Every structure is written in C-alpha cells, then in structure tokens.
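>>> No letters, just coordinates:
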C-alpha cells in the first residue's frame, strides 16, 4: 500500500500537514484507570541521541507536547524502530 500510495506519505514528520479542525477521540470512559508504572528499559548510550532527536522532531512538528508528570494518566513502553528510508542505524556492536 505504501508503494501504491507513496505520494500520500512523507519521509519527514516535519513536512506532514495537519488537518484543520481534525480531532482524535479515544472514547475512553471517564472512570477508566490505566497503569502509571514505568516499565521502560533505560536507553543504552548509542540510542539516546537518536531517540532525543526523534522526540525533538515530534515536538517541533507539533505532534507531541510536553506534559507535567502530575497530568500523566497512562504510561506505555516506547519501542525504538528505525525506518528503512533513514540511515543504516546502530551496528550490532553498538546495540
């Protein structure tokens, strides 16, 4: 599908155009509770610069926003997955 509709996808999140008046609703019941326990493994040194760069790109593009810890309602793992169109990534020795 991605190849068929390649013109619909952009390789840079900074170039993605936001849709005016679009609202993403999760429809979660008000009394629902979620885990706030952090189960994230610490990043190894070679992962940190790459991960922080991606976070900064998403912040700059307005995809994510900073949130005070007191406002956190749920916590989930972050999975690092490098896309095929980016650089070659970490070597096995670096991982």
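Looks like it arrived, so ask away. Everything numeric in this text was worked out from a predicted model, so none of it was measured. Numbering: from 1, shown residues only.

>>> Just the local confidence number for the residue of the chain most remote from its centre, please.
Largest separation from the mean C-alpha position in the chain: residue 31, at 26.3 Å (Cα atoms, centre = their mean). If you check residue 31, the pLDDT there is 91.

>>> Over to residue 52?
90.

>>> Let me know the secondary structure of it.
Assigned with DSSP: H, G, I helix; E, B strand; the rest coil, residue 52 falls in the helix class.

>>> From residue 46, how far off is it?
12 Å (Cβ to Cβ, to the nearest Å). Heads up, the C-betas are built off the backbone N, CA and C, glycines and all.

>>> The nearest residue to residue 34 once chain neighbours are set aside: what's it in contact with?
Among residues not flanking residue 34 along the chain, residue 74 sits closest, at 3.5 Å (Cβ to Cβ, 6 or more residues apart in numbering). By Cβ atoms under 8 Å, 6 or more residues apart in numbering, residue 74 lies in contact with 34-36.

>>> now residue 74: how far from residue 28?
From residue 74 to residue 28 the distance is 9 Å (Cβ to Cβ).

>>> cool, and residue 51?
27 Å.

>>> hmm, which of the contacts of residue 74 are the buried ones?
Using 16 or more other Cβ atoms under 10 Å as the burial test, the contacts of residue 74 include no buried residue.

>>> Filter the residues you listed down to the ones in helices?
Among those, none falls in helices (DSSP state H).

>>> Columns pLDDT and distance to residue 79 on top of these, output as a markdown table?
What follows is the contacts of residue 74, written out as a markdown table (pLDDT from 0 to 100; distance: Cβ to Cβ, whole Å):
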| residue | pLDDT | distance to residue 79 |
| --- | --- | --- |
| 34 | 87 | 18 |
| 35 | 85 | 17 |
| 36 | 84 | 19 |
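
>>> Save the residues you listed as TSV, and put in distance to residue 65 too.
Listed next are these as TSV, based on distance: Cβ to Cβ, whole Å:
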residue	distance to residue 65
34	19
35	22
36	18
